[in-house]
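Student: Sequence first, then the predicted structure, then my questions.
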Amino acid sequence: MNKLKIVMIGAGNLAFHLSKALTEENHEILQVYSRTISSAQILAAQIGAKATSNIQLLDKSADLYIIAVSDMVIAQIIEQLDFSNKKVAHTAGSVSIQVFNPEFKNFGVFYPLQTFSKSRNVNFKEVPVCIEANNEQFELFLFDLAKQISDSVWRINSDQRKKLHLSAVFANNFVNHLYFVAKDIISSTNIDFKILHPLILETAHKLLELDPKSAQTGPALRNDSESLKKHLELLSSTPEYQAIYKMITDDIYLKHKRL
């Protein structure tokens, strides 16, 4: 694939890492758009691009326009694009390809399945990228581009991607919130959260070799009523955590009882 000229519509966590990955493969980010000019300027400065907060001033000479904004504003962005003959793709997991106006000649999805934070480096080669397009030629174009920055590229349609995104929310966002709860529970004991790091790492590493069913341990699986009772008593001052504990405990027990 020849060097591409790309416009990045968005300047958040995903746009930051995706722009870096693309520029490292010698593609040129011509321009970064964000509703907040300072956000566009910060990213643009790091990758040698121009910044704008006016979507009507998007550079019309790009080979590809990547919409990397929050799901709720993708449709609004697309409505404001005043061209239909360009290649355009959004990066959202839960937004259908049908969000694009059919008058666009080439449109699709370029969805990197990963959690991104600007403060933490990511090896994009290890990030699965899910591709979908409205025609075979553009799908191949996106697939080839994805293969340049990732060793894991998948053809995933909109229905599959919605369920994949939901699965990722459980596997990442919800699990991370449980880490928040775990840290909050021990915060009054003067125990450093780092003591849980080896447990967290081993839990993740096990899943590289075992499926979640085989990896499950703990009092809920064993139906250890004494431990469960003690834990619920300890959580009596935080009923919201008590409710989470009971709900997950019951689900673990019931699911594994059936299996």
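Tutor: Thanks, I have it.

Student: what comes into contact with stretch 98-106?
Tutor: By CB atoms under 8 Å, 6 or more residues apart in numbering, the residues outside stretch 98-106 that reach it are 74-75, 78-79, 84-88, 90, 107, 133-135, 137-138, 141, 158. No exception for glycine: its C-beta is placed from N, CA and C like everyone else's.

Student: Counting neighbours, which bits of it end up buried?
Tutor: By neighbour count on 16 or more other CB atoms under 10 Å, the buried set for stretch 98-106 is 99-100, 104, 106.

Student: Could you tell me how far stretch 51-60 lies from the centre of the chain?
Tutor: Centre-to-centre, stretch 51-60 and its host chain are 25 Å apart (CA atoms, centre = their mean, to the nearest Å).

Student: nope, stretch 215-232 is what I meant
Tutor: On CA atoms, centre = their mean, the centre of stretch 215-232 falls 32 Å from that of its chain.

Student: Now it: average pLDDT?
Tutor: In this model, stretch 215-232 carries a mean pLDDT of 95.

Student: now swap in stretch 111-131 and tell me
Tutor: Stretch 111-131 comes out at a mean pLDDT of 96.

Student: what's in contact with it?
Tutor: 13-14, 16-18, 20-21, 91-93, 108-110, 132, 139, 142-143, 146, 149-156, 161, 164, 168, 172-173, 176.

Student: got it, and stretch 153-161?
Tutor: Against stretch 153-161 from outside (CB under 8 Å, 6+ apart): 93-94, 96-98, 109, 111, 128-132, 139, 143, 146-147, 164.

Student: ok, back up a step: pull out the buried members of the contacts of stretch 98-106.
Tutor: Buried among the contacts of stretch 98-106 by 16+ other CB under 10 Å: 74, 78, 86-88, 90, 107, 133-134, 138, 141.

Student: Max pairwise distance over those residues: which two?
Tutor: Greatest spatial distance in the buried ones among the contacts of stretch 98-106: 74 and 141, 20.2 Å, computed using CB to CB.

Student: circling back to that earlier point, among the contacts of stretch 153-161, which are in strands?
Tutor: Counting by DSSP state E, the part of the contacts of stretch 153-161 found in strands is 109, 111, 129-132.

Student: taking these as a set, which two sit the farthest apart in space?
Tutor: Greatest spacing in the ones in strands among the contacts of stretch 153-161, by CB to CB: 129 and 132 (11.0 Å).

Student: Which one of these two is surrounded by more residues?
Tutor: Remark: of residue 129 and residue 132, residue 129 carries more neighbours, 26 against 22, as counted by other CB atoms under 10 Å.
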